[in-house]
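In: what's the 3D shape of this:
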Amino acid sequence: MRIDGKTLARFLAFALLPLAPLIAHGQASLTWFGRPAISAYGVAPLEIYSQDRDVLQLYTGLEVARHSNLFALPDGVSPSALFGESSRSDTILRALAGVSFDRQVSLQRFRLDASVLPVKMLEYSRFDHVGYSAGGHWDWAVGRPYFGTLGVRFTSAATPFGNYYINRENIERRAKLYGSAGMRFTPDLAAFVGLDTETLDNSFSGVQAADYRLVSTEAGLRFARGDANSVDLVWRHTNGDYPNRQVVDALGNLLPGAVDNEFSQDAILARLQVRPSNDSRMGGQIGYTQRRFDAVSQRDFGGVTAGLDIEWRPTGLFTMRAELIRDIQSEEILSASYVDLTTLRLRPSFQLTGRILINGLVSVSRAAYEGDPGIAASAGPTRKDDINVLGIGLGYEYARNITVNLEARRTERKSNVGSVEYTDNMLSANVLARF
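Out: So this is what the prediction gives:
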């Protein structure tokens with residue numbers, strides 16, 4: 001079937017919902033190295049810090065990546081209608097420079113970091129940009145009974161290709177502030193409360209309906225046995241506000257009235273950190289989440305959500321890491337208010353020699369675009385995507401603080417909406433150094 005370029009551009013500019021954390025093929029290892037992660041609850045350690053916890057550390061990197069289908073377009077579709085060029089492929093250059101600080105002072109632990117990530121595209125230079133990440137985390141304690149966290153994070157990065165099909169760059173600026181406080185009743189039992197806020201602002205007006213403001217509170221009990229095993233039972237409440245109301249449907253047509261996507265959400269969760277044996281560990285959370293929309297009840301959601309991470313090291317050379325995720329995405333635009341996403345991801349690794357490590361990646365995801373308001377021209381079946389990712393990588397430790405990494409990855413999205421299917425093959429090489 002032949003698709004007219006203008007029709008495709010008009011549809012794709014409005015119809016697609018973001019799934020950045022899981023399927024954005026424009027993100028590679030160097031990108032994520034420069035963007036340390038904080039969990040949704042503000043309690044996870046920053047990934048940027050090394051295990052030896054040097055007080056001050058500098059890091060830098062350089063990466064080159066080649067994509068066969070940079071914009072995640074369907075087979076046979078030229079990008080010229082949206083981007084003015086006929087080439088579907090491009091080479092991306094990324095650089096990285098940053099600094100981290102990690103210091104234990106008595107019962108207090110302080111961590112700070114800042115990094116910049118310039119990105120250059122050899123053909124589609126209009127998408128060149130400079131991303132950044134900066135933040136800090138304080139694990140505080142007063143004597144033995146009282147403990148908690150306090151932290152902040154600011155990031156700026158371009159929206160990965162495949163999230164929106166727009167002919168210009170969109171910069172996502174995120175800010176997160178979080179804190180928690182707890183009290184131990186016994187060495188094994190504690191109670192805690194937490195508060196966090198998160199904002200997203202998009203630079204391009206065409207996707208600013210996805211801007212959000214989230215405010216969450218939580219309270220729970222923690223059962224801990226030593227440092228290796230703990231179980232938290234948590235109630236968490238979130239209020240979500242989208243300041244820019246939805247005014248168009250999936251085809252770009254004006255709706256009779258603006259749609260307010262404001263919601264409230266409650267979740268009962270069990271968070272786990274368990275080490276069953278010396279060669280295995282399990283962490284994550286599982287629970288029941290209910291989301292209610294004040295203005296459009298058709299978008300309400302209720303169901304089991306989970307994020308579990310299991311690591312098994314049967315020998316000193318082989319490690320298998322498995323992730324199981326069932327969640328709803330918070331970013332919402334147009335014909336769906338959330339994405340019901342289920343993912344199984346396997347990450348085997350094998351230490352071939354003292355300096356060479358082989359990594360694998362197998363990821364299978366199902367994304368259902370739910371919560372259509374059911375008004376005006378937002379007709380059609382519920383979109384369901386199957387996203388499959390296969391990858392293999394090789395890491396070489398050139399020196400104690402310098403590693404060279406090679407990766408080949410194939411990403412494929414199948415859908416009941418044919419115009420969003422795509423396949424992309426990516427080859428990348430990078431070098432990372434810490435000082």
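In: Gly354: what's it in contact with?
Out: By CB atoms under 8 Å, 6 or more residues apart in numbering, the contact list for Gly354 reads Glu397. In short, each C-beta sits where N, CA and C put it, glycine included.
In: how far away is it from Glu311?
Out: Distance, Gly354 to Glu311, using CB to CB, to the nearest Å: 21 Å.
In: now do Thr423
Out: Looking at Thr423 against Glu311, where the rule is CB to CB, the gap reads 30 Å.
In: outside of stretch 173-187, which residues touch it?
Out: With contacts defined as CB under 8 Å, 6+ apart, stretch 173-187 is touched by 38, 41-43, 135, 144-156, 190-203, 222, 224.
In: hmm, try it at 6 Å
Out: Contacts with stretch 173-187, where a contact means CB atoms under 6 Å, 6 or more residues apart in numbering, come from 42, 145-156, 190-201.
In: what stretches of the stretch 101-250 of the chain score poorly on pLDDT?
Out: Counting by pLDDT under 70, the stretch 101-250 of the chain contains low-confidence ranges at 164-165, 246-250.
In: low-scoring pLDDT stretches of the stretch 301-435 of the chain, where are they?
Out: Under the criterion pLDDT under 70, the flagged ranges of the stretch 301-435 of the chain are 329-337, 371-381.
In: now the helices for it?
Out: Secondary structure of the stretch 301-435 of the chain by DSSP state H, counting those that start in this stretch: no helices are present.
In: Doesn't Ala209 belong to a helix?
Out: Yes - looking at Ala209 with DSSP: H, G, I helix; E, B strand; the rest coil, it is inside a helix.
In: I figured it was touching Pro243, is that so?
Out: No - shown here, Ala209 and Pro243 do not form a contact pair, counting by CB atoms under 6 Å, at 9.5 Å.
In: quick one, which of those two is more surrounded?
Out: For Ala209 versus Pro243, neighbours defined as other CB atoms under 10 Å are more numerous around Ala209 (23 against 13).
In: buried residues in stretch 299-318?
Out: By neighbour count with 16 or more other CB atoms under 10 Å, stretch 299-318 contains the buried residues 299, 301, 305-307, 309-313.
In: ugh, wrong one, stretch 344-355
Out: In stretch 344-355, counting by 16+ other CB under 10 Å, buried: 345, 347-349.
In: now swap in stretch 66-74 and tell me
Out: Applying a neighbour-count criterion of 16+ other CB under 10 Å, one finds 67, 69-74 buried in stretch 66-74.
In: do the same with stretch 183-191
Out: 184, 190.
In: Start and end of it, how far apart?
Out: Taking CA to CA, to the nearest Å, the first and last residues of stretch 183-191 lie 6 Å apart.
In: contacting residues for Gly395?
Out: Applying CB under 6 Å, 6+ apart, one finds that Gly395 lies in contact with 357, 403, 405.
In: Including neighbour count and distance to Val339, could those residues go into TSV?
Out: What follows is the contacts of Gly395, written out as TSV (neighbours: other CB atoms under 10 Å; distance: CB to CB, whole Å):
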residue	neighbour count	distance to Val339
Leu357	19	33
Thr403	18	34
Asn405	21	30
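In: Closest one of the residues you listed to Glu123?
Out: Asn405 (24.1 Å; CB to CB).
In: my read: the closest one touches Asn430, true?
Out: Yes - with contact taken as CB under 6 Å, Asn405 and Asn430 are classed as touching, separated by 5.2 Å.
In: what is the nearest residue to Leu344 once chain neighbours are set aside paired to in the beta sheet?
Out: Distance criterion CB to CB, 6 or more residues apart in numbering; nearest residue to Leu344, sequence neighbours excluded, is Val364 at 5.2 Å. Val364 has the following beta-bridge partners by DSSP bridges: Leu344, Asn388.
In: any idea which of the buried residues of stretch 66-74 is closest to Glu262?
Out: When those are compared for distance to Glu262 (CB to CB), Ala72 comes out closest, at 30.3 Å.
In: Can you pull the phi/psi pair for the closest one?
Out: phi 60, psi 50 (degrees, to the nearest 10).
In: so who does it touch?
Out: With contact set as CB under 6 Å, 6+ apart, Ala72 has these partners: 161-162, 422.
In: Ranking by neighbours, what's the top pick from those residues?
Out: Gly162 (25 neighbours).
In: where's Leu96 relative to Ala433, distance?
Out: Counting by CB to CB, the gap from Leu96 to Ala433 is 10 Å.
In: typo on my end, Tyr178
Out: With CB to CB as the criterion, Tyr178 and Ala433 are 31 Å apart.
In: So which of the two has more stuff around it?
Out: The residue with more neighbours, out of Tyr178 and Ala433 and counting by other CB under 10 Å, is Tyr178; that gives 22 against 16.
In: In which helix or strand does that one reside?
Out: Using DSSP states H and E, the element containing Tyr178 is strand 171-186.
In: Likewise for Gln285?
Out: strand 280-293.
In: ok, and for that strand, which residues are buried?
Out: Neighbour-count burial for strand 280-293 flags 281-285, 287, 289, 291, 293 (criterion: 16+ other CB under 10 Å).
In: send the alpha carbons of that strand over as PDB?
Out: Below are the C-alpha coordinates for strand 280-293, written out as PDB (Å, rounded to 0.1, in the frame of the first residue of the first chain):
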ATOM      1  CA  SER A 280      22.000 -14.200  43.300                       C
ATOM      2  CA  ARG A 281      19.900 -11.200  44.200                       C
ATOM      3  CA  MET A 282      16.500  -9.900  43.500                       C
ATOM      4  CA  GLY A 283      15.200  -6.300  43.700                       C
ATOM      5  CA  GLY A 284      12.300  -4.200  42.600                       C
ATOM      6  CA  GLN A 285       8.600  -3.800  43.400                       C
ATOM      7  CA  ILE A 286       5.200  -5.300  42.800                       C
ATOM      8  CA  GLY A 287       1.700  -4.000  43.700                       C
ATOM      9  CA  TYR A 288      -1.600  -2.700  42.600                       C
ATOM     10  CA  THR A 289      -2.000   0.700  41.000                       C
ATOM     11  CA  GLN A 290      -5.200   2.600  40.300                       C
ATOM     12  CA  ARG A 291      -5.300   5.800  38.300                       C
ATOM     13  CA  ARG A 292      -8.400   8.000  38.100                       C
ATOM     14  CA  PHE A 293      -9.000  10.900  35.700                       C
END
